[in-house]
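*Asks:* turn this into a structure:
(chains A and B)
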Amino acid sequence: GAVVSQHPSWVICKSGTSVKIECRSLDFQATTMFWYRQFPKQSLMLMATSNEGSKATYEQGVEKDKFLINHASLTLSTLTVTSAHPEDSSFYICSASRGHNSPLHFGNGTRLTVT
Amino acid sequence: TQLLEQSPQFLSIQEGENLTVYCNSSSVFSSLQWYRQEPGEGPVLLVTVVTGGEVKKLKRLTFQFGDARKDSSLHITAAQPGDTGLYLCAGVGSNYKLTFGKGTLLTVNP
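*Replies:* Numbering: from 1, shown residues only, chains lettered A, B, ... in the order given. Predicted coordinates:
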């Protein structure tokens, strides 16, 4: 079956540094990828929609200059948390779709801790 | 903005009991999905309901989509400790954009 791989699975960084999280579709081409943020024991909050070859669409309240998304190929989207602060500590999850009316496949998430 | 209200938010029961989780929307979605998520992992799709009034069964789990396609329920019969997890409903919008409910954290005690 289709698999979405996220890397790293966990990362610890210092305040002020930037962290890049990768989301790869391993056996299919993903025209659309989604990035979510999840706090402990809470639901997933959609941050942005990443479209291959075009700019990402950010949800209201999500700073596009802080959360940089690049979807340079049909199998890879990256989320870079710039100038990270402790309040950015969270579980970040991506999902990928082959296209319209195709089911989403989720990655296993990345636990980010900013110290 | 389409919103999904999910209840209860927390549920702790004994093994063998039955439970129902509800998901209500202020608007219509083309379809609705239920996911289960374990700590440190991504959500896993359980079912997609599309047709109003649809009922789907997955072993001890029964999913129902309301006639007006604005609400759904998940019923678990004879819950087991392995059912413990975060259950999420999600409305499917255009371009497969999902709107998640707040989730139900289920704990089944042995």
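
*Asks:* lowest confidence element among the helices and strands of chain B?
*Replies:* When the helices and strands of chain B are scored by mean pLDDT, DSSP states H and E, strand B:98-100 comes last with a mean of 90.

*Asks:* got a list of contacts for that one?
*Replies:* Identification of contacts with strand B:98-100 by CB atoms under 8 Å, 6 or more residues apart in numbering or on different chains yields A:34, A:43-46, A:95, A:104, B:2-4, B:29, B:33, B:88-93. (Glycine included, C-beta is placed from N, CA and C.)

*Asks:* can you name the residues in contact with the helix or strand following that strand?
*Replies:* Next helix or strand after strand B:98-100 toward the C-terminus (DSSP states H and E): strand B:104-109. Applying CB under 8 Å, 6+ apart, the contact partners of strand B:104-109 are A:41, B:6-15, B:17, B:19, B:21, B:76, B:79-88.

*Asks:* quick one: distance of strand B:104-109 to the chain centre.
*Replies:* Computed by CA atoms, centre = their mean, to the nearest Å, the chain-centroid distance of strand B:104-109 equals 13 Å.

*Asks:* okay, and the beta partners of whatever residue of chain A ends up closest to chain B?
*Replies:* Using CB to the nearest CB, the closest approach of chain A to chain B is made by residue A:106 at 3.5 Å. Assessed by DSSP bridges, residue A:106 has beta-bridge partners residue A:95.

*Asks:* would you agree it is in contact with residue A:97?
*Replies:* No: if you go by CB atoms under 8 Å, residue A:106 and residue A:97 don't touch, sitting 10.6 Å apart.

*Asks:* list the contacts for residue 68?
*Replies:* No chain was given, so I picked chain A. A:79, A:80, A:82.

*Asks:* hmm, I had chain B in mind actually
*Replies:* B:28, B:52.

*Asks:* and whichever residue of chain B sits closest to chain A, how close does it get to residue A:38?
*Replies:* Proximity of chain B to chain A (CB to the nearest CB) peaks at residue B:42, 3.5 Å away. Distance, residue B:42 to residue A:38, by CB to CB, to the nearest Å: 10 Å.

*Asks:* shared neighbours of the two, anything?
*Replies:* Residues touching both residue B:42 and residue A:38 by CB under 8 Å, 6+ apart: A:93, A:109.

*Asks:* most neighbours, which of the contacts of residue A:68?
*Replies:* Highest neighbour count within the contacts of residue A:68: residue A:79, with 25 neighbours (other CB atoms under 10 Å in any protein chain shown).

*Asks:* that residue pairs with what?
*Replies:* Beta-bridge partners of residue A:79, as defined by DSSP bridges: residue A:21, residue A:69.
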